[in-house]
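Peer 1: Below: sequence and its predicted model.
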Amino acid sequence: MARPNEEVEALLQEYADLIAITRGDAIKARAYEKAARAIGGYPSDVSHLDVKGLRDIPGVGKSIAEKVTEYFRTGRVSAVEETRSRIPAGVRELITIPTLGPKKAMTLYQDLHISSIDELADAIHAEKLRDLRGFGEKTEENILHGIALMQQAGDRILLNVAMDTAEDIVAELSRTSGCERCAYAGSLRRMKETIGDIDVLVAADRSAPFMAALTGLPLTAEVIAHGGKKTSIRTTKGLQVDLRVVPPDSWGAGLQYFSGSKAHNIRTRTIAVRRGLKLSEYGLFDAESGQQIASRSEEEVYARLDLPWIPPTLREDRGEIEAGIKGELPALVTERDIRGDLHTHTDLTDGLAPLEEMVRAAAARGYAYYAITDHAPNLYMQQMTDAKILAQRERVRELDGKHRRMRLLHGTELNIDPDGEVDWPQDFLEGFDICVASVHSHFNLSRKEMTRRLVRACENPHVNVIGHPTTRLIGKRQGIDADWDEVFAVCARTGTALEVNAQPDRLDLCDEDILSAKRYGVKFAIDTDAHSTVTLAHLRYGVGTAQRGWLTKDDVINTWPLQRLRRFLRKERTT
DNA sequence: GCCGTTTTCGGCCCGACTGTTTTCAGTCG
């Protein structure tokens, strides 16, 4: 997707943050935030637009359009530079700590000259915050907890950020002459939820041109190591990329080796050793004679170990070797199996694109059906009303089947309140084709209360899918605490699907929870929760996560034909 | 800063919760 849009989004968001931190006009800050989001979700490349074209984007007026063109003309925006010079970058970093906002960050900077997360942690431990107005014991505790949460994610970055960079690099190296094969490997190929560094593999006779191509990329900020077999760089975003070049006839062995996981590779190497073989990144060899037995493709390497090819998303030593030996590997769900998205938003609530645009973009993805599920009234900021949702339903019915014969489902994303109740009474819910229900508040109930809350939502005859079930935000918020075994059992019993939310900072349920839930016979919905046409493409991350949870097509309700899906959506209600 | 007009200024997503205060500021969804 258009990278320039993301650059501008980040820049405008930064400016909005800086305005908020410097106690500037809050409404102005919000205007920049809104424009940032609009440009981030804008479906075509904004670097090709002039001021007039930019102003056609909702939320972008004269001032912001001029800043955007200034950015593409000069690589910088003077107004942003000016504000940056007054506020160290570390102060902005402070507001990424959950519960710490712009006001507190500015107080910390002005009164204690704190301008980094480390300095803040030190200051708390030295009890320097005690005298600050607005800061108390609990605040210190919350900040430290927030910092701990962020450190748990460590230096790892979200899947989509790594994927964008990796795909750029692979595309670039593939164009380099002499390239026989090129792919990313490592945890990215296994679709782990966060990525430490990017591994890229090239098959070629000569390595030098590829090493040079990598170190010469515009995104390369620093060369960490530069050799004949391996080169490591750090990107401008601080992400490490390791490139390895192997001879073409070692491609399969190299890809297998560098895809990992470590635990999986230990198992495959042990199997090799037991057979008098040796497995390395260069191939499978006879241990005694050193004769090369297999190496050209992954399939060939696995086959000589009497294993079927194992999909990378399963390679975690979580039973895939045993399943492979028995010929019981699951036929994993793929992106192509998905017939429709069942959780999406429009600009009627907090989405960016109007209904028609979302529908058109969904149809372009080849979906057979598509659900629109805007927020329900209890999420107050969304200002939903009965009249608005019913008017939307009329328009959905009009558009049904009009784009590539794609069928439309009219739904909503309900809010599960602390008692497990949802926004609308049963007779009103009856009018929806599908209801997703999610937790959006009261994250800190006791385990018992939270379990009861989710169980009651599942028992609601109109609730079809529990959206982002744990509500975790990777690196930001821990998931809610519930007796998940009980919840999974109730989901299976009531015919309530659990969502695999594909937003890269959610991936919720996560792979391990999916594995647990599947044992109870739960069904799943892989949804994007898209708020723009662009993010419909995040589906792949949901599919990757589902694969890591060993899901097959049959486990996932939105791979089913519409008729079967509709039967599922009726739950136990008899009609 | 943007938008949409009753075209040139007034409104802009609203309410809950938390922790700090002693009546409310800050953060979040």
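Peer 2: Right, received. Where do you want to start?
Peer 1: For the rest of this, base every contact and every neighbour count on C-alpha atoms.
Peer 2: Noted.
Peer 1: In a helix, residue A:67, correct?
Peer 2: Yes: applying DSSP: H, G, I helix; E, B strand; the rest coil, one finds residue A:67 inside a helix.
Peer 1: I figured it hits residue A:77, correct?
Peer 2: Yes: with contact defined as Cα atoms under 8 Å, residue A:67 reaches residue A:77; the gap is 6.1 Å.
Peer 1: For residue A:480, see how far away the closest residue to DNA strand B within the stretch 401-550 of chain A is.
Peer 2: Nearest residue of the stretch 401-550 of chain A to DNA strand B (Cα to the nearest atom of the strand) works out as residue A:440 at 4.0 Å. Distance from residue A:440 to residue A:480, counting by Cα to Cα, to the nearest Å: 11 Å.
Peer 1: shared neighbours, the two?
Peer 2: Jointly contacting residue A:440 and residue A:480 under the rule Cα atoms under 8 Å, 6 or more residues apart in numbering are residue A:471.
Peer 1: which of the two has more neighbours?
Peer 2: residue A:480 (18 against 15; other Cα atoms under 10 Å).
Peer 1: Which pLDDT does the model give that one?
Peer 2: Here the pLDDT value assigned to residue A:480 is 93.
Peer 1: what residues are up against it?
Peer 2: Residues in contact with residue A:480 (Cα under 8 Å, 6+ apart) are A:443, A:444, A:450, A:470, A:471, A:472.
Peer 1: hmm, which of those residues are the buried ones?
Peer 2: Neighbour-count burial (16 or more other Cα atoms under 10 Å) applied to the contacts of residue A:480 gives A:443, A:450, A:470, A:471, A:472.
Peer 1: Mind picking the one among the residues you listed that's closest to residue A:263?
Peer 2: Comparing those against residue A:263 with Cα to Cα places residue A:472 closest, at 26.6 Å.
Peer 1: ok, for that closest one, nearest residue in space, not its chain neighbours?
Peer 2: Residue nearest to residue A:472 in three dimensions, not counting chain neighbours: residue A:479, with 4.0 Å by Cα to Cα, 6 or more residues apart in numbering.
Peer 1: That neighbour against residue A:450, yeah?
Peer 2: No: Residue A:479 lies out of contact with residue A:450 (Cα under 8 Å); the separation is 11.5 Å.
Peer 1: any common contacting residues for those two?
Peer 2: The contact sets of residue A:479 and residue A:450 do not overlap (Cα under 8 Å, 6+ apart).
Peer 1: phi, psi of the spatially most central residue of chain A?
Peer 2: Nearest to the mean C-alpha position of chain A, by Cα atoms, centre = their mean, lies residue A:504 at 0.7 Å. Per-residue torsions, residue A:504: phi -60, psi -20 (degrees, to the nearest 10).
Peer 1: shouldn't it be in contact with residue A:159?
Peer 2: Yes: counting by Cα under 8 Å, residue A:504 does reach residue A:159; the two are 6.2 Å apart.
Peer 1: Now list whatever residues contact both of these two.
Peer 2: Here residue A:504 and residue A:159 have A:193, A:541 as joint contacts, going by Cα under 8 Å, 6+ apart.
Peer 1: OK, contacts around the residue nearest to residue A:472?
Peer 2: Here residue A:479 is in contact with A:470, A:471, A:472, A:473 (Cα under 8 Å, 6+ apart).
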